[in-house]
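Asks: Take this sequence and fold it.
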Amino acid sequence: MTQTIQITTTTESREQAEKIAQALVESRLAACVQITGPIHSVYRWQEKIECADEWFCTIKTRQALFSKVETSIRQLHPYQCPKILATPILAGSDAYLQWLAEQLDHSTD
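Replies: Okay, the predicted model is just below:
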């Protein structure tokens, strides 16, 4: 089976998260994007401690599509340095993993 991954990113608004999700699913770069939030983030940026409410996106896709997903997120994302992290999906129900693969079958790796 093709290696599946979850990519996570955060955005400054629900609307921005939905824009990214819609673009990724429409272009078949992602089978599904779940949006959670708001979440509260504390981080260091340009030598200052910052706090922000953000929206968390969990993107399900194939490892072979990572660079295209990353490019798409960067094009749509308002942050100068957006969080874009991928983790492998090591196991899952056969039915769900099959569904995920079917959603991405028409993408161009």
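Asks: what's the next secondary structure element after the helix with the most length in the chain?
Replies: Secondary structure assigned by DSSP state H gives helix 14-26 as the longest helix of the chain. Scanning forward in sequence from helix 14-26 by DSSP states H and E, the next helix or strand is strand 32-45.
Asks: returning to that earlier point: hmm, who's touching the longest helix of the chain?
Replies: Here helix 14-26 makes contact (Cβ atoms under 8 Å, 6 or more residues apart in numbering) with 9, 11, 30-33, 35, 37-38, 55-57, 59, 61, 69, 72-73, 76-78. Quick note: C-beta positions are derived from backbone N, CA and C, even for glycine.
Asks: Repeat that for stretch 76-84.
Replies: 7-12, 16, 19-20, 23, 69-70, 73-74.
Asks: picking that back up, what's the spacing between the longest helix of the chain and its chain's center?
Replies: Between the centre of helix 14-26 and the centre of its chain there are 9 Å (Cα atoms, centre = their mean, to the nearest Å).
Asks: The one helix or strand Ala86 maps to pairs with which strands, parallel or anti?
Replies: Element membership for Ala86, per DSSP H and E: strand 85-88. Strands adjacent to strand 85-88 in the sheet, as given by DSSP bridges, are strand 4-11 (antiparallel).
Asks: buried ones in the strand it pairs with?
Replies: For strand 4-11, the neighbour count (16 or more other Cβ atoms under 10 Å) marks 4-7, 9-11 as buried.
Asks: Contacts for that strand, please.
Replies: Contacts of strand 4-11 (Cβ under 8 Å, 6+ apart): 17, 20, 30, 39, 41, 54-63, 66, 69-70, 73, 77-79, 82-89, 92, 97, 100-101.
Asks: Filter these down to just the buried residues.
Replies: Neighbour-count burial (16+ other Cβ under 10 Å) is assigned, among the contacts of strand 4-11, to 17, 20, 30, 54-62, 66, 69-70, 73, 77, 79, 83-84, 89, 97, 100.
Asks: Out of these, list just those in strands.
Replies: 54-62 (DSSP state E).
Asks: Would you reformat those residues as TSV and include distance to Gln46 and pLDDT?
Replies: Formatted as TSV, these follow (distance: Cβ to Cβ, whole Å; pLDDT from 0 to 100):
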residue	distance to Gln46	pLDDT
Glu54	17	98
Trp55	22	98
Phe56	23	98
Cys57	24	98
Thr58	27	98
Ile59	27	98
Lys60	33	98
Thr61	31	97
Arg62	35	96
